[in-house]
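Trainee: Sequence first, then the predicted structure, then my questions.
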Amino acid sequence: MRVSLLDRSRTRHGDVDGQALHDSVARAVQAEEAGYHRFWVAEHHAVPGIASGSPAVLLAAIGQVTERIRLGSGGVMLPQHQPLVVAEQFRMLASLTPDRIDLGVGNSLGFTPAVRRALRRERTSPAMFEREIRELVGFLRDEEEVTARPATPRIPVHVLATRSGVDIAARLGLPVVVGGPLVLDDALNDTLARYRDIFSPHAADARPHVILSVDAFAAENERRARELALPEAWAMAMSRRTGEFPPLESPERILAQTWSDRVRERVDQHLEKVITGTSGAVAERLHELIDDSGADEIMASTSTFDRGALGDLDAALVSAVAKA
């Protein structure tokens, strides 16, 4: 089973935002050494807790310090870009980092109405998303009126899927990345079966390909694993209370604060959706997901406050899956 990482360049309480970018670069190097298949980075604009607003820029830096691991975006948000510009950026990356670049695309608008206004796009739809992907793929295949430069071999395009996104990926014959609530949905297997059934290959070698994106924390015991998962759960709960997604805080700082019943409920709800436990237990759960869904790959989107602990989590996860 292939295991990959999605890193969102999470900022941390007490640090300057830019440190998160250096952390992402260092984590990519460690991921390559640990044996991960891919390392993807995210795109978020004007979000206090996330430093990466430009996957292409960050991937260029990571490409210079890695040698083998595939690099990509999880993802470039097409409503915020012209498809030609995205094609040019990723062709530049593919020229600088040959045979290692993936392009994951999503349909998310900005985090708040003010951000969406600043990005000049306040509306999207599945139909608009599909048109933009078709145009982007056309540029990457040299099928549009103008040719994106520099010319490169084919760059794999992956669709970050909502429910409608799964069907879009199938119609376009593209790999799909399924994350969030869809992974734990009872209808997941039916959704993926439909993806495979209606998959329309765009080339002779095109095949359905499913990546499941999950939060997975493997530690010496369940208590420690949940403690490491707490900073992200707390940030999610705070975002729903304040409207801002905050930097990660340490478990000690979080536990020292006063929790309302509503915040506690939201933290617990988040932790219920996270895979936690010993290395063996987490690996077993991931293999169950793969066996049940027929997915081709796991992409861990794990984050925590302690950088050293995060490195240990990454190493433990890929090692445990390999041994299971």
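Mentor: On my side now, so go ahead.

Trainee: residue contacts, the nearest residue to residue 104 once chain neighbours are set aside?
Mentor: Residue nearest to residue 104 in three dimensions, not counting chain neighbours: residue 75, with 3.5 Å by CB to CB, 6 or more residues apart in numbering. (Glycine included, C-beta is placed from N, CA and C.) Neighbouring residues of residue 75 by CB atoms under 8 Å, 6 or more residues apart in numbering: 40, 42, 43, 55, 103, 104, 105, 106, 158, 160, 177.

Trainee: Take these and write them to a markdown table, including secondary structure, distance to residue 231 and neighbour count.
Mentor: Shown next, in a markdown table, are those (DSSP: H, G, I helix; E, B strand; the rest coil; distance: CB to CB, whole Å; neighbours: other CB atoms under 10 Å):
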| residue | secondary structure | distance to residue 231 | neighbour count |
| --- | --- | --- | --- |
| 40 | strand | 21 | 27 |
| 42 | coil | 17 | 25 |
| 43 | coil | 21 | 24 |
| 55 | helix | 23 | 27 |
| 103 | strand | 30 | 25 |
| 104 | strand | 25 | 26 |
| 105 | strand | 28 | 27 |
| 106 | strand | 24 | 22 |
| 158 | strand | 28 | 24 |
| 160 | strand | 24 | 26 |
| 177 | strand | 24 | 28 |
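
Trainee: what's the spacing between the worst-scoring helix or strand of the chain on mean pLDDT and its chain's center?
Mentor: Sorted by mean pLDDT, DSSP states H and E, the helices and strands of the chain end with helix 181-184, the least confident at a mean of 75. On the basis of CA atoms, centre = their mean, to the nearest Å, helix 181-184 is displaced by 14 Å from the centre of the chain it belongs to.

Trainee: could you pull out the strands for the chain?
Mentor: For the chain, applying DSSP state E gives strands covering 2-7, 38-41, 70-73, 76-77, 103-106, 157-161, 176-178, 210-214, 216-219, 275-278, 297-300.

Trainee: of all these, which lies closest to residue 321?
Mentor: Taking CB to CB, strand 2-7 is the member of these nearest to residue 321, at 5.2 Å.

Trainee: residues making contact with the closest one?
Mentor: Counting by CB under 8 Å, 6+ apart, 24, 27-28, 31, 35-42, 70, 74, 211, 213, 296-303, 314, 317-318, 321 sit against strand 2-7.

Trainee: List only buried entries from the residues you listed.
Mentor: Neighbour-count burial (16 or more other CB atoms under 10 Å) applied to the contacts of strand 2-7 gives 24, 27-28, 31, 36-42, 70, 74, 211, 213, 297-303, 314, 317-318, 321.

Trainee: follow-up on the earlier one: nearest to residue 16, of the contacts of residue 75?
Mentor: Among the contacts of residue 75, and counting by CB to CB, the member closest to residue 16 is residue 42, at 19.0 Å.

Trainee: so who does that closest one touch?
Mentor: Residue 42 touches 6, 7, 8, 9, 50, 52, 55, 73, 74, 75, counting by CB under 8 Å, 6+ apart.

Trainee: and the gap between it and residue 108?
Mentor: 10 Å (CB to CB, to the nearest Å).

Trainee: ok, now residue 248?
Mentor: Computed as CB to CB, the residue 248 to residue 108 distance reads 21 Å.

Trainee: swap in residue 322?
Mentor: Separation of residue 322 from residue 108 (CB to CB) stands at 33 Å.

Trainee: Neighbour count: those two, which is higher?
Mentor: residue 108 (17 against 12; other CB atoms under 10 Å).

Trainee: Was I right to think that one contacts residue 77?
Mentor: Yes. Between residue 108 and residue 77 a contact is recorded at 4.9 Å, counting by CB atoms under 8 Å.

Trainee: Look up how far residue 188 lies from residue 129.
Mentor: Separation of residue 129 from residue 188 (CB to CB) stands at 21 Å.

Trainee: now swap in residue 43 and tell me
Mentor: On the measure of CB to CB, residue 43 and residue 188 end up 25 Å apart.

Trainee: now swap in residue 50 and tell me
Mentor: From residue 50 to residue 188 the distance is 27 Å (CB to CB).

Trainee: And for residue 157?
Mentor: For residue 157, the distance to residue 188 - CB to CB - is 22 Å.

Trainee: More neighbours: which of these two?
Mentor: Neighbour comparison, residue 157 and residue 188: the larger count goes to residue 157, with 26 against 20 (by other CB under 10 Å).

Trainee: so what's that one up against?
Mentor: Applying CB under 8 Å, 6+ apart, the residues near residue 157 are 103, 104, 105, 133, 136, 137, 140, 174, 175.

Trainee: what is it paired to in the beta sheet?
Mentor: For residue 157, the beta-bridge partners under DSSP bridges are residue 103.

Trainee: Make residue 1 into 141 and carry on from there
Mentor: All set: I'll call the first residue 141, so the last point we hit is now residue 297.

Trainee: follow-up on the earlier one: and which of the contacts of residue 182 is nearest residue 257?
Mentor: Set against residue 257, the nearest of those by CB to CB is residue 190 (19.2 Å).
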